[in-house]
Each structure stands twice: as C-alpha cells, then as structure tokens.
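*Asks:* No letters, just coordinates:
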DNA sequence: CATAAAATTTAGTTAAGACTAAATATATTT
DNA sequence: AAATATATTTAGTCTTAACTAAATTTTATG
C-alpha cells in the first residue's frame, strides 16, 4: 500500500492536472514530471493494472485518479503543504525556498511525523503560498477563489493564493508586494494582450496573463 | 558526487564497523544492512571502482573507507544525529522513536536544511542518545568514554552515551533510569557471566554484557 | 597438515523505472 | 476527405540494486 517516490510524484501531478475534471494527457504529465512520454505511458499502465487500481486509463484518452489514487495523492499533497508551513514557521525558510525541500521530504515522513507537525503548527489550513492543505482525513477543502485574470477594472479583491513554485517568479511577486492577504484593485484591462493593471498598496503594476492566471483572489 | 540512499547506508555502516580501525567484513556488513552477502560484495566492488574511490577493498580482506568515503559517511551521520536532536527538541519525539524517522530523513535533507537546524538547535554536540555529532566540517570529535562492561566494583561513573537503536531496549533503559548524564556506581562483578551490579540513584540493577557493552561512561 | 566449516565471491536473474527509435492512432489543415 | 502534424503507444535497452545457486577462498579443526 505504500508507494514509491516516483509513483507518489505521478499521482500528485495527475491530481493537479485533473483538478478541472478532465483527464490528464500523457504529454502533459511527461512535461510536468520531466520524464519522457513513453516512460509515462508505461507507468500509467502499471498504475492502472494495480489491484486496487490507482488510476483509470483508456488508451489515448488520458488518465484520471480512482478514489484510492486520489487519497494517495492527497496524502502526498498534505505532506508537502504541511512541510512548507513548517519550514517557513520553524526554520525561517522564505516562500520561494520551501518547495524544493518539501518536494523531497514529502515522500519519507511518517504519519506520526505528519500528525506532530500538524499539531505543532495548530492544524493550518493553507500553505505559505495560500494553497489549501488537504484535511487529516484526506479531503480537499473547497476553494472559492478566482484567477486574477478573470477580473476587470473597478473590481476589488484580496489575494488568496499563488499557484507557482518557480523561485524567481515568487521572489518577483514578493518584490511587487503581491502575496496572500494583500488587497488589490484592478485599474485597467487590455483585451489585446490580456494585461491587467492593478493597484496594490501604493504601487501600480501591469501584469501579463502568465502571472494573472497564477494569482487567485477573493473578490470583494 | 551525491550518493544514492543505499550507497549512503553502506558508507554509514562501514564507518561504524571500522571505527575500531579494522576492516569491515562482507558478512558483518550484510547483517547490519539486512542485505545478502553477494549483494554486499557487488556494492563494495562498485564503491571501490568509483573515481574517486569511496572504499578501499581487497578481496576477502574486508573494506575500509577512503578519506572521501569517510567524509560522505560523516555527512550522513551528522544529518542523522542532528535530525534526532531536532525531532526530540521540537516535535517531542522520545529517544526510542527518533531513530527510524531520522533514518529516512537523513538521505533527503539539503545542506541548507542541515545548517538551519544546527543553528536553530544551538549547534549541539551530542544526539539524544549521547552520541557525538560530527562537526560541520565533517570531523568526528574524539570520544573519551569507556564501555560500562570494563568497569569493576567501587568505580563511579557518569553515563555518556548509549549505543543502541532498538526501541525496546531503549525504553527498558529509561525504565531503569539509565540515560545519559546519570551517575552510577559499580557494586559487584561476576566473572562467570560478566554481569555487573550497579547502583543508579536509589536503584540496584544487575546488567548483562549485552547491555553493559552498549552503555559508555566517563569514569569519575 | 588434510579436511570440514565458514566466509566470500562469481555468475546469472529479477524488478523498478528510466530511456530512444519506430509504429500507430488521433487531430488539424487544406 | 486526404494529407500532414501531433500525440501516444509499442518494442527493446539500460542502470541500479537487490536476489539465489554455485564456486572458490580462507579459517578452523581433527
């Protein structure tokens, strides 16, 4: 019942890619995992053949997680996000440094360790990027946020989460003052390049689609 | 230059088995690692063939670590022991619970993580069992302790370290009040079974060789 | 010191999980 | 709807690190 590190990575990526309800394609998975497409096909077939199956798979149609696969994925994601909070709170990591460390630790911590850090941290519900942490019974809380890219001028919002791991992007956002909890107002929208001009604190900032699709907000 | 988990385990065990200056035998290594002897031979040959070599190996003569292999081993041991302190101090693990968790974590933490916990803990010199922690520049501090088994009646000593990982034994010792820092007096010695009768606090305790060779003391 | 026992190594397999090259299926374009 | 482009799968290989069975070397014993 305990999966290898690489199986856990597959399940986690499949979870992320199927959050919208549509199956994950072999190619998308290959890209996300930095693994060749044929290797991905092989692993998917293996996961689908397990008893009980961890994924549902039809040739050329992509993969979805079975309920069991989903539990396993949420377990890894819970580990990852709790670890991120823990690294930031107790060891002074910054939000652009935690991802890589958590990525390795998530596979080796015990359930006991998980319980201990969750308790020590006061059972946090979000990681340092504002992402929701799956509950101890492995349910993902419902997320009511909207991508910033969907907002238009004169809308006010609070940043809830930033769906990114790239340290450079994260540091850039800190520099701009765009972190969870921050209030913003949309000033302008350009339909040509989908740029949004937003006001955060005193700053007026122009953001491209690449950034606005990664920032999720609660509309005021 | 970064070794696999299993190579790290080999190096660590070889370090422990060669601390007395004599080479580690294939069989001893196999037993310590829970791996078959032929597998051990294979791995040893591989480690000896690396450039630079991690071990010195002559057929049928056992293995020793090269200076480079020793550094690598001390790195893993430093990780392990710092993690044990960390788990006890910040997450409330008891000394019989830490070993297993540290055993998995030691292979995946970054040098940055190592530095952060070392600093957060105030650069401890011993782990929860009293074992010395290799320094940041990977030197093992000299150990001046004596096995309790070498003491005789009327000698007084302080327990410095307990060289054991078995949770049952460790809990047993806590029950007997035999933990690092505790003062003891040797009352009796039996040359027949090598039992020692010691006084720790109020208690009078008879200990077999299996235990007295694992407890290391500083003679008063 | 010859022989039995124990330790070690060699030889050959296996499993996981990656890879490339080639084949095939699906999707897109004209 | 045919032709092309893209995505996916199949087939076969490689590496790591384990295994067992058999051969060999070393050590211990009679």
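*Replies:* Sure thing, it's come through. Model, not experiment: these values are computed from the prediction. Numbering: from 1, shown residues only, chains lettered A, B, ... in the order given.
*Asks:* Quick one: name whatever helix or strand follows the longest helix seen in chain A.
*Replies:* Among the segments of chain A that qualify as a helix by DSSP state H, the longest is helix A:67-91. The helix or strand immediately downstream of helix A:67-91 is helix A:98-105, counting by DSSP states H and E.
*Asks:* quick one: contacts for the residue nearest the centre of chain A?
*Replies:* Centroid-nearest residue in chain A: residue A:163, 5.4 Å away (criterion: Cα atoms, centre = their mean). Shown in contact with residue A:163 (Cβ atoms under 8 Å, 6 or more residues apart in numbering or on different chains): A:129, A:131, A:214, A:215, A:216. Heads up, the C-betas are built off the backbone N, CA and C, glycines and all.
*Asks:* Wait, the third one touches residue A:164, no?
*Replies:* To tie it back to what came earlier, the one meant is residue A:214. Yes: at 4.8 Å, residue A:214 counts as touching residue A:164 under the criterion of Cβ atoms under 8 Å.
*Asks:* okay, now residue A:54: neighbour count?
*Replies:* The number of residues packed near residue A:54 is 27, by other Cβ atoms under 10 Å in any protein chain shown.
*Asks:* how near is it to residue B:20?
*Replies:* Separation of residue A:54 from residue B:20 (Cβ to Cβ, to the nearest Å) stands at 48 Å.
*Asks:* quick one: which helix or strand includes residue A:64?
*Replies:* Counting by DSSP H and E, residue A:64 is part of strand A:63-65.
*Asks:* follow-up on the earlier one: can you give me the distance of the residue nearest to the centre of chain A to residue A:85?
*Replies:* Per Cβ to Cβ, residue A:163 is found 16 Å from residue A:85.
*Asks:* cool, residue A:173 as well?
*Replies:* 18 Å.
*Asks:* and chain A, which of its residues are near DNA strand C?
*Replies:* A:4, A:6-7, A:34-36, A:38-39, A:42-43, A:46, A:59-60 (Cβ under 7 Å from any atom of the strand).
*Asks:* circling back: quick one: average confidence on the strand holding residue A:64?
*Replies:* The average pLDDT within strand A:63-65 is 98.
*Asks:* same deal with stretch A:189-202?
*Replies:* 94.
*Asks:* Enumerate the positions of it that are buried.
*Replies:* Across stretch A:189-202, burial judged by 16 or more other Cβ atoms under 10 Å in any protein chain shown covers A:189, A:195, A:196, A:198, A:200.
*Asks:* now, which of those sits nearest DNA strand D?
*Replies:* residue A:195 (26.5 Å; Cβ to the nearest atom of the strand).
*Asks:* residues touching that closest one, list them.
*Replies:* By Cβ under 8 Å, 6+ apart, the contact set of residue A:195 is A:188, A:189, A:206, A:207, A:208, A:209.
*Asks:* All the strands of chain A, residue numbers only.
*Replies:* Here chain A has its strands, by DSSP state E, at A:55-57, A:63-65, A:146-147, A:156-162, A:183-189, A:196-200, A:203-207, A:215-219.
*Asks:* Isn't residue A:64 up against residue A:25?
*Replies:* No: at 11.4 Å, residue A:64 does not count as touching residue A:25 under the criterion of Cβ under 8 Å.
*Asks:* More neighbours: the two, which one.
*Replies:* Higher neighbour count among residue A:64 and residue A:25: residue A:64, with 19 against 16, using other Cβ under 10 Å.
*Asks:* In contact with the more buried one, which residues?
*Replies:* When contacts are counted by Cβ under 8 Å, 6+ apart, residue A:64 is found next to A:14, A:18, A:23, A:24, A:55, A:56, A:57.
*Asks:* who does it bridge with?
*Replies:* Taking DSSP bridges as the rule, residue A:64 bridges to residue A:56.
*Asks:* got JSON lines for the contacts of residue A:195, with distance to chain B too?
*Replies:* As requested, these are arranged in JSON lines below (distance: Cβ to the nearest Cβ, whole Å):
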{"residue": "A:188", "distance to chain B": "41"}
{"residue": "A:189", "distance to chain B": "41"}
{"residue": "A:206", "distance to chain B": "34"}
{"residue": "A:207", "distance to chain B": "31"}
{"residue": "A:208", "distance to chain B": "32"}
{"residue": "A:209", "distance to chain B": "33"}
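*Asks:* Of these, which is the most crowded?
*Replies:* The most crowded member of the contacts of residue A:195, judged by other Cβ under 10 Å, is residue A:207 (23 neighbours).
*Asks:* pretty sure that one is in contact with residue A:193, am I right?
*Replies:* No: using Cβ under 8 Å as the test, residue A:207 is too far from residue A:193 to be in contact (10.6 Å).
*Asks:* Now for the contacts of residue A:64: which two are most distant?
*Replies:* A:18 and A:57 (11.9 Å; Cβ to Cβ).
*Asks:* if I look at these two, which residues touch both of them?
*Replies:* Residues touching both residue A:18 and residue A:57 (Cβ under 8 Å, 6+ apart): A:63, A:64.
*Asks:* Identify the residues contacting stretch A:73-86?
*Replies:* Counting by Cβ under 8 Å, 6+ apart, A:8, A:11-12, A:14-15, A:65, A:98-99, A:101-103, A:105-107, A:109, A:114, A:117-118, A:120-121, A:124, A:126-129, A:131-136, A:138-140 sit against stretch A:73-86.
*Asks:* Keep only those of these that are in helices.
*Replies:* Those of the contacts of stretch A:73-86 mapping onto helices are A:8, A:11-12, A:14-15, A:98-99, A:101-103, A:105, A:114, A:117-118, A:120, per DSSP H.
*Asks:* neighbour-wise, which of the residues you listed leads?
*Replies:* residue A:14 (27 neighbours).
*Asks:* Check whether that one really touches residue A:55, as I assumed.
*Replies:* Yes: the pair residue A:14 and residue A:55 qualifies as a contact (Cβ under 8 Å) at a distance of 6.5 Å.
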